[in-house]
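**Q** only geometry, no sequence info:
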């Protein structure tokens, strides 16, 4: 199977471009895995649609993406900052 190409929605690209270097590296490493296996066993379908999926690339980097026509389109990219939390576990 050929690797998928990666595209970002405008909203996801804004978040990607604002990531610090170490988070950007994590994103790139995660995407490198997903382009060859977009339905990775750790990813989950969103709703009943198998083509739209979500996965945590790290403990605080989360993406939602769609697989279509040989492309992996990142719809939402979320960076969770756990520095300040309301309730500590």
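**A** In hand now; what should we look at? These numbers were taken from a predicted model, which means no experiment stands behind them.
**Q** Touching the lengthiest helix in the chain from outside, list them.
**A** Longest helix in the chain, counting residues (DSSP state H): helix 21-34. Helix 21-34 is contacted from outside by 4, 6, 16, 19, 40, 43, 55, 57-58, 61, 63, 65, 72, 74, 77, 79, using Cβ atoms under 8 Å, 6 or more residues apart in numbering. Using the backbone N, CA and C atoms, a C-beta is placed for each residue, glycine as well.
**Q** make it 6 Å
**A** 6, 57, 58, 61, 72 (Cβ atoms under 6 Å, 6 or more residues apart in numbering).
**Q** Can you identify the element that follows that helix toward the C-terminus?
**A** strand 44-46 (DSSP states H and E).
**Q** before we move on, back to that, quick one: least confident of the contacts of helix 21-34?
**A** Model confidence across the contacts of helix 21-34 bottoms out at residue 58, which has 91.
**Q** Could you save the contacts of helix 21-34 as CSV and add columns showing distance to residue 26?
**A** Conversion of these to CSV gives the following (distance: Cβ to Cβ, whole Å):
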residue, distance to residue 26
6, 15
57, 6
58, 5
61, 6
72, 16
